[in-house]
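J.: Sequence first, predicted model second:
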Amino acid sequence: MTGTLPRQKETPAQRDRRLLTLLRTGGTVLVRWREASVLIVAIAMAIYFRASSDVFLTYANLRNIAQATAPAAIVAVGIVLLLVSGEIDLSVGVVAALAPFLVHYAVDLWGVPVIPAFLIAFAVAAFIGFCNGFVVTKFKVPSLVATLGSYYLLLGVLLTTSHAYPAEIPAAAQGKIQTIFGAGDWSSLIWCLGVVVVYHIVLTRTRWGLHTISVGGNLIGATEAGIRANRIKIGNFMMAAMLAALAGLLEAFRINSIDPNIGGGTALVFTAISAAVIGGTALAGGSGTVIGALLGALILAELQNGFNLIGISANPFNIILGSAILLSMIANQYLSRLRRTGGG
Amino acid sequence: MMASSEVLRVEHVAKRFGALTALRDVNLRLEKGEVLGLIGDNGAGKSTLIKIICGFHRPDSGRLLVNGDEVVLRSVDHARSLGIDTVYQGLALINELSVYHNMFLNRELRVGPLLNNRAMRRLARDHLADMGVNIANVSSEVAKLSGGQRQAVAVARAVYSDAKILLLDEPLAAMGAKEGALILDLIRDLKARGDVSVIIIAHNYAQVLDVCDRVNLLQHGSITFDKPTSEVSLEELTELVVAEYRNRRLRGD
């Protein structure tokens, strides 16, 4: 098939049909545009918390919310890629914690300049992602188990090499570099939005995205069509790990300390998976949205922040979080059925 | 001596999966513009043979000649580049994707790094209209289509990929009479074009006789019967397969 086509002029009949389609699409936007429901929840929550607390929509607090949203959303984007291709990675949180340590080791112990040190951190993250993907695709180990293994393995490496103590940001990285990578008020949010825009395009407008959906939706069919499924999956593992490394660097520079606990616990990865799931990404593979994951991360950040402001203790937060995940999964199932049967 | 119009030759191909011998010694040839029916009992190795010809599996021994040249197919993509395309039994459709994305799966049209959705939509619409397939909206998900429409999308995808050798693995399975007729018509259209050669795996021998030029029977991992359809009757074909079944029962397999 050839790709060159003469552009045709639209006839009035075609225009009418297009307008009709547009209207119909508008009518079923809630069903069709899966991010819409998540956006509505995010807005409703903002309205509720604004009503309960004057502080919620102040500049300083919005910055707090942005800074809580960004790292989770960046990691969640990688999780979305993996979930859509039918896999998951539990080790991304530790990769996030490891990345700033790698920069610290490279600069302070091995005398590497800052920018090459960053490249080392990203290269190591990519290698970890590659290993995860390799174990999953070549040895057919389910990714849940394989990355549980690499989670503990990397956690061990992180705690052993760092002696479980935080480190300072390398002197050479302080100042401008630190401001750009996370310390600036809106720096992490800008990085996050950039990542979201790029990967939204990757997932919906490129071959890679189409093949990611294909591999997760129908692995055998995709392979029969000649798609190299292993390559797609390994690539997504690598990108997820590199995104985690970015989130970890931004977070370390923001809090001005390289802390093994950034993602060393399970908090970051679980928040990211929750964000992806609340955003409408199915665990079964084949569908998911990057923008949804961003909105999911925003909802989680709003919840945590809002609860704080109202003075509700952090403890019941998990009850809300758990319910939110269950509800959004049920809604997701229901909406995809609607999407499949109606709104043609 | 090889006929000059021969597009595909399979010589002494064997394939094992662990302890299971799927193909023992297969010899098969396909002429330009010919429609070859491949029949055989379940488990006779028909799908394995198709998957070897389309580059999905590699044979353990034996060789493949495409247009007279020996080839070692490295992948499905490689086979496609030689003009060999397949409609699998499972159709290889992605439910989550639109009709047009499925029709261009792994052959997407692009503008730079981005998909050229507009062109793919239009071409998909045109191709399906050419085939007389009625799908209201090529942007709808494949999951929403009927069984026959799904089959038609899969066949249309292979036909319009400029395939010179088209492999159809049970294209008429799970189809209603009307939808089956649509696919048979499509195969006849291809035959009329004269430049596409087709191998069809089928269980309905009346349809095989109806649309094929020649029929091959695959038994115990090799071709045991090869005749033009003009020289076989439906009874003879049925008897061949039933006799095989009867013999097996007598042997107690």
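T.: The structure has been received and is ready for your questions. These numbers come from a predicted model, not from an experiment. Numbers count the residues shown, from 1 in each chain, chains lettered A, B, ... in the order given.
J.: any low-confidence regions in the stretch 151-300 of chain A?
T.: The model of the stretch 151-300 of chain A has pLDDT under 70 over residues A:263-265.
J.: wait, the stretch 1-150 of chain B
T.: Scanning the stretch 1-150 of chain B for pLDDT under 70 picks out B:1-4.
J.: So which residues on it come close to chain A?
T.: When proximity is defined as CB under 8 Å from any CB of the partner chain, the stretch 1-150 of chain B approaches chain A at B:56, B:75-77, B:80, B:86, B:88, B:90-97, B:101, B:104-110, B:113-117, B:119, B:122-123, B:136-137, B:140-141, B:143-144. Backbone N, C-alpha and C define where each C-beta goes, glycine included.
J.: ranges for the strands of chain B?
T.: In chain B, the strands defined using DSSP state E lie at B:6-17, B:20-31, B:35-39, B:61-66, B:69-71, B:84-87, B:110-111, B:114-115, B:165-169, B:197-201, B:214-219, B:222-228.
J.: Reformat those as CSV; add mean neighbour count and distance to residue A:241.
T.: Output for the strands of chain B, formatted as CSV (neighbours: other CB atoms under 10 Å in any protein chain shown; distance: least, CB to CB, whole Å):
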stretch, mean neighbour count, distance to residue A:241
strand B:6-17, 18, 35
strand B:20-31, 18, 39
strand B:35-39, 24, 46
strand B:61-66, 17, 41
strand B:69-71, 11, 39
strand B:84-87, 27, 35
strand B:110-111, 14, 27
strand B:114-115, 17, 25
strand B:165-169, 25, 39
strand B:197-201, 25, 43
strand B:214-219, 21, 47
strand B:222-228, 15, 49
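J.: Tabulate these (TSV), appending distance to residue B:177.
T.: Below are the strands of chain B laid out as TSV (distance: least, CB to CB, whole Å):
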stretch	distance to residue B:177
strand B:6-17	31
strand B:20-31	28
strand B:35-39	19
strand B:61-66	36
strand B:69-71	39
strand B:84-87	20
strand B:110-111	40
strand B:114-115	37
strand B:165-169	18
strand B:197-201	18
strand B:214-219	22
strand B:222-228	27
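J.: who's in contact with residue 34?
T.: This is for chain A. Applying CB atoms under 8 Å, 6 or more residues apart in numbering or on different chains to residue A:34 gives the contacts A:280, A:289, A:292, A:332, A:335, A:339.
J.: Chain B is the one I meant
T.: Contact analysis of residue B:34 by CB under 8 Å, 6+ apart lists B:197, B:198, B:213, B:214.
J.: Which single one of the residues you listed is nearest to residue B:233?
T.: Comparing the contacts of residue B:34 against residue B:233 with CB to CB places residue B:214 closest, at 14.6 Å.
J.: any idea how far the residue nearest the centre of chain A lies from chain B?
T.: Nearest to the geometric centre of chain A sits residue A:76, at 1.8 Å (CA atoms, centre = their mean). The spacing between residue A:76 and chain B, counted by CB to the nearest CB, to the nearest Å, is 20 Å.
J.: How about the secondary structure of that residue?
T.: Secondary structure, DSSP: H, G, I helix; E, B strand; the rest coil: residue A:76 is helix.
J.: count of neighbours near residue A:174?
T.: For residue A:174, the count of nearby residues is 15 (other CB atoms under 10 Å in any protein chain shown).
J.: what's the spacing between it and chain B?
T.: Plainly put, residue A:174 is 37 Å away from chain B if you go by CB to the nearest CB.
J.: which residues sit in contact with that residue?
T.: By CB under 8 Å, 6+ apart, the contact list for residue A:174 is empty.
J.: Same question for the one 4 residues further on.
T.: Under the criterion of CB under 8 Å, 6+ apart, the neighbours of residue A:178 are A:169, A:253, A:256.
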